[in-house]
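In: pasting the structure only:
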Ligand SMILES: NC(=O)C1=CN([C@@H]2O[C@H](COP(=O)(O)OP(=O)(O)OC[C@H]3O[C@@H](n4cnc5c(N)ncnc54)[C@H](OP(=O)(O)O)[C@@H]3O)[C@@H](O)[C@H]2O)C=CC1
Ligand SMILES: CC(=O)N[C@@H](CCC(=O)OP(=O)(O)O)C(=O)O
């Protein structure tokens, strides 16, 4: 049984980790931290967890306690894992970070996008980007895993078969992405209020979003060359979900795109290529660790449109984190992650 610690247990990704791990046969949450809810029982704070974790209470983050765990998940704002990861790794604890602290390979680029100096540049060389569909082998032997962001997961999985096979022009890629409001976290913000976001939709960060360098880094690795991506995120009035509509120009218009996607993802337990002509819905992946993808050629010309949907809190965060844990500890990758999506 793996002894698990979670830093940031009162946030949306933290409680999603708790929900998923409650059904995991090989993992037991031993430590869960919160600075604001010390000594409160998890099941008293989150009624959906009543009957689970009845003896588990929040404690303030402490490296010595966390260092007694086999693996610690960071479900915290950027910068927190920088401060603690080194000490935990030295104690022999594996670290799976859901924040962006170790996603970018270049510390200076990270500092530019995140507005603060990188707090642990010495750890960057060993950090593995935890997108199993690309880096499964490296994940198996990692000590420190950077779980991809939500927009980056949907976008990279959508473009992967095309870029890996050199089938699209990498100099003109477009990702038009929509997110549910839980993507902004549980902290109080005016933009997340029901009256602001509940019945409205808006694009944001068109000039540049911090996921742009992360997605570009991943797409560059797939293509083996420079890429040029236009990425426009939108906030939409749903609680969970990412819908990515991806556009690119085909270099080869003879290829059977449906067969390409089906073959590329045939062995992937958490990528579902939909039948030709499909329009995947975010509600079909709600609560599930799945990315559903459909590929279209609208006018039969050289434009390809890929539709990719995930639950931002599951395949876009906590589910993918548990998937990484399973791979890292040699468990069945699907363990604890077999939930279907919720309809309606
Ligand atoms: N929401 C999403 O869809 C996704 C989020 N992520 C990333 O995952 C991370 C967590 O996101 P999310 O769950 O939405 O965030 P929330 O704002 O909902 O929760 C943040 C958690 O971190 C704790 N925390 C805050 N500051 C500190 C600190 N200095 N030290 C220790 N703990 C702290 C908070 O608890 P307390 O204040 O009580 O200590 C809280 O439990 C973020 O980096 C986010 O960008 C990644 C993919 C998707
Ligand atoms: C709707 C919303 O605000 N989304 C967040 C991204 C989601 C997230 O948490 O970002 P990471 O995956 O990098 O951690 C944003 O735009 O900053």
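Out: Alright, I've got the coordinates. On a predicted model such as this, the values are computed, not experimentally measured, just so you know. Ligands and ions are numbered 1, 2, ... in the order given.
In: And the strands in the stretch 201-344 of the chain?
Out: 202-203, 229-235, 242-249, 271-273, 291-296, 303-310 (DSSP state E, counting those that start in this stretch).
In: can you put those in TSV and add mean neighbour count?
Out: Every C-beta, even on glycine, is put in place using the N, C-alpha and C of the backbone. Output for these, formatted as TSV (neighbours: other C-beta atoms under 10 Å):
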stretch	mean neighbour count
strand 202-203	12
strand 229-235	18
strand 242-249	23
strand 271-273	22
strand 291-296	23
strand 303-310	23
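In: would you turn these into CSV with mean pLDDT?
Out: Formatted as CSV, these follow (pLDDT from 0 to 100):
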stretch, mean pLDDT
strand 202-203, 98
strand 229-235, 98
strand 242-249, 98
strand 271-273, 98
strand 291-296, 98
strand 303-310, 98
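In: Pop the domain breakdown of the chain in here.
Out: Taking automatic domain parsing as the reference, the chain has its domains at 2-126, 151-312.
In: Spell out which residues sit in contact with the nearest residue to residue 298 once chain neighbours are set aside, please.
Out: Closest residue to residue 298 apart from its sequence neighbours, by C-beta to C-beta, 6 or more residues apart in numbering: residue 305 at 5.9 Å. Residue 305 is in contact with 245, 246, 247, 295, 296, 297, 298, counting by C-beta atoms under 8 Å, 6 or more residues apart in numbering.
In: Ligand 1 versus residue 135, what's the distance?
Out: Remark: distance between residue 135 and ligand 1 (C-beta to the nearest ligand atom, to the nearest Å) = 17 Å.
In: after the helix or strand hosting that residue, next one along is what?
Out: Element membership for residue 135 (DSSP states H and E) is helix 132-140. Going down the chain from helix 132-140, the next helix or strand is strand 144-146, by DSSP H and E.
In: and the helix or strand following that following strand with strand 303-310, angle?
Out: The helix or strand immediately downstream of strand 144-146 is helix 150-164, counting by DSSP H and E. If you take axes from the mean of the first three to the mean of the last three C-alpha atoms, to 10 degrees, helix 150-164 sits at 140 degrees to strand 303-310.
In: and the angle from helix 150-164 to helix 132-140?
Out: Going by the same axes, to 10 degrees, helix 150-164 makes 100 degrees with helix 132-140.
In: Next one: the helix or strand just after helix 150-164, is it in contact with ligand 1?
Out: Remark: after helix 150-164, the chain's next helix or strand is strand 173-179, criterion DSSP H and E. No: Strand 173-179 lies out of reach of ligand 1 by C-beta under 6 Å from any ligand atom, never closer than 7.5 Å.
In: Walk me through which strands strand 173-179 pairs with, and which way each runs.
Out: The strands beside strand 173-179 in its sheet (DSSP bridges) come out as strand 229-235 (parallel), strand 242-249 (antiparallel).
In: ok, residues contacting whichever helix or strand comes after it?
Out: Using DSSP H and E, the helix or strand that follows strand 173-179 in sequence is helix 194-197. With contact meaning C-beta under 8 Å, 6+ apart, helix 194-197 is reached by 181, 190, 191, 235, 237.
In: Now the first one: closest residue in space that isn't a chain neighbour?
Out: On the basis of C-beta to C-beta, 6+ apart, the spatially nearest residue to residue 181 that is not a chain neighbour turns out to be residue 197, at 4.9 Å.
In: and what of the second one?
Out: Closest residue to residue 190 in three dimensions, ignoring its sequence neighbours and counting by C-beta to C-beta, 6+ apart: residue 196, at 6.1 Å.
In: and the stretch 151-300 of the chain, which residues reach ligand 2?
Out: Residues of the stretch 151-300 of the chain lying close to ligand 2 by C-beta under 6 Å from any ligand atom are 179, 183, 184, 211, 233, 235.
In: Mind listing the residues bridging to the first one?
Out: On the basis of DSSP bridges, residue 179 is bridged to residue 235, residue 242.
In: Can you report how many residues neighbour the closest residue to ligand 1 within the chain?
Out: Closest approach between the chain and ligand 1, counting by C-beta to the nearest ligand atom: residue 11, at 1.9 Å. Neighbour count of residue 11, defined by other C-beta atoms under 10 Å: 20.
In: residues contacting residue 2?
Out: Neighbour list for residue 2: 26, 27, 28, 70, 71, 325, 329 [criterion: C-beta under 8 Å, 6+ apart].
In: Need phi/psi at the closest residue to the fifth one other than its chain neighbours.
Out: Of all residues beyond its chain neighbours, the one nearest residue 71 is residue 94 (4.5 Å), with distances taken as C-beta to C-beta, 6+ apart. In this entry, residue 94 is assigned phi and psi values of phi -80, psi 150 (degrees, to the nearest 10).
In: Any stretches of the stretch 151-300 of the chain with poor pLDDT?
Out: Under the criterion pLDDT under 70, no range of the stretch 151-300 of the chain is flagged.
In: Tell me who's in contact with residue 343.
Out: By C-beta under 8 Å, 6+ apart, the contact list for residue 343 reads 283, 284, 286.
In: List just the nearest of the residues you listed to residue 150.
Out: Nearest to residue 150, judged by C-beta to C-beta, of the contacts of residue 343 is residue 286 at 13.5 Å.
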